[in-house]
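Student: Kindly return the folded structure for what I paste below:
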Amino acid sequence: MMSGRDTGFVICIENEGFEVSLEKRKVYRQLPDQPTTEDKLIRVIDESGEDYLYPSDLFVPIIVPKAASQAFDEASA
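Tutor: Presented below is the predicted three-dimensional model:
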């Protein structure tokens, strides 16, 4: 579980019902959020550039090398 200002990355494995907001096989930044274990939701920056809660089963967490993480940061700046 992430805490504080930590962020992580997830890859979208399913987008049914969210085709406009999410692209399958695309990497998204996951933001920390209040625990949502009961709801099974995660906060993701989607195609709109805004962060929203999505069902966690649409994503798989991935480990991104530091250099790639920095490249994502630069691209979103």
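Student: packing partners for the lowest-mean-pLDDT helix or strand in the chain?
Tutor: Ranked by mean pLDDT, DSSP states H and E, the weakest helix or strand in the chain is helix 66-76, scoring a mean of 79. Where contact means 3 or more C-beta pairs under 8 Å, 6 or more residues apart in numbering; DSSP states H and E, helix 66-76 is packed against strand 27-31. (Glycine included, C-beta is placed from N, CA and C.)
Student: what does whichever helix or strand residue 42 is part of contact?
Tutor: Using DSSP states H and E, residue 42 sits in strand 41-45. Under the contact criterion C-beta atoms under 8 Å, 6 or more residues apart in numbering, strand 41-45 has outside partners 10, 22, 28-33, 36, 51-56, 59, 76.
Student: run the last query once more with 10 Å
Tutor: 2, 7-10, 12, 21-22, 28-36, 50-59, 61, 76 (C-beta atoms under 10 Å, 6 or more residues apart in numbering).
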